[in-house]
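1. What follows is a predicted protein model with its sequence.
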Amino acid sequence: MRQFSAPGYLLRHARVEVRLIYSGFLLLALVGMLTMAAFQLRQVGPTPARIASYYRGGDRGGEMAFPKTFRELVEVTHFHSFIMGVVYLVLAHLFIATGVHPRWKLRLVVVAFIGLAGDLIAPWLIRYGASGFAPVLLASWVCEWIGFGAFVYCPMQEMWFGHEREEFPPE
């Protein structure tokens, strides 16, 4: 960990056993992302109408759904704010230790955070505000996927395939 905090430290310089540990974490994070996608797309729904009916209740293709209760939203928000905060912290640190151009690092770290914040806030807005907030949740998911996708892909690429590259993508 001491090396990780050194200025200019890049994952491509990590020892093999450290890269294996980081890769294991990144693969587990990828599994988490895939199950998150399955839940988002299958259970909640890929359209604003399905998202709204998931949180506000209503007909979901021949199946009635009840509105999410205050307690259900508090439980999900509580759990996700802690666990996703930790996952974001670790993944963002691994991403920062890559040769990605600093401007892209900043952009993607912000995009991922905006996605996470929207994913926490939008269900409340949909349930207690209006169904018109459902596109906010969809946009948040897109931001999460872009940010977290980069957080997983770039460190893996750099640790195992990017030793000769100094900086990517070019600005």
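-> Great, that's in hand.
2. Neighbours of residue 115, how many?
-> Using other CB atoms under 10 Å, residue 115 has 22 neighbouring residues. Quick note: C-beta positions are derived from backbone N, CA and C, even for glycine.
3. just the one 4 residues further on next, same as before
-> When neighbours are counted by other CB under 10 Å, residue 119 registers 23.
4. what's the closest non-adjacent residue to it?
-> The shortest distance from residue 119 to any non-neighbouring residue, by CB to CB, 6 or more residues apart in numbering, is to residue 140 (4.6 Å).
5. likewise residue 108?
-> Once flanking residues are discounted, residue 108 sits nearest to residue 150: 4.8 Å by CB to CB, 6+ apart.
6. where's that neighbour, which helix or strand?
-> helix 134-161 (DSSP states H and E).
7. May I see the buried residues of that helix?
-> With burial defined by 16 or more other CB atoms under 10 Å, the residues of helix 134-161 counted as buried are 134, 136-138, 140-141, 143-145, 147-148, 150-152, 154-159.
8. How far does that helix sit from its chain's centre?
-> Chain-centre distance of helix 134-161: 6 Å, with CA atoms, centre = their mean, to the nearest Å.
9. hey, where'd the helices end up in the protein?
-> Under the criterion DSSP state H, the chain contains helices at 16-38, 48-56, 70-96, 102-128, 134-161.
10. Against which helices or strands is the second one packed?
-> The contact analysis (3 or more CB pairs under 8 Å, 6 or more residues apart in numbering; DSSP states H and E) places helix 48-56 against helix 102-128, helix 134-161.
11. can you put the helices of the chain in JSON lines and add distance to residue 10 and mean pLDDT?
-> Converted to JSON lines, the helices of the chain look like this (distance: least, CB to CB, whole Å; pLDDT from 0 to 100):
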{"stretch": "helix 16-38", "distance to residue 10": "12", "mean pLDDT": "95"}
{"stretch": "helix 48-56", "distance to residue 10": "40", "mean pLDDT": "95"}
{"stretch": "helix 70-96", "distance to residue 10": "10", "mean pLDDT": "96"}
{"stretch": "helix 102-128", "distance to residue 10": "12", "mean pLDDT": "98"}
{"stretch": "helix 134-161", "distance to residue 10": "7", "mean pLDDT": "97"}
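12. Out of these, the one nearest residue 62 is which?
-> helix 48-56 (11.8 Å; CB to CB).
13. what's the angle from the closest one to helix 102-128?
-> 60 degrees (axes from the mean of the first three to the mean of the last three CA atoms, to 10 degrees).
14. So which residues make contact with helix 48-56?
-> 43-45, 58-60, 65, 67-68, 123, 126-127, 131, 134-135, 137-138 (CB atoms under 8 Å, 6 or more residues apart in numbering).
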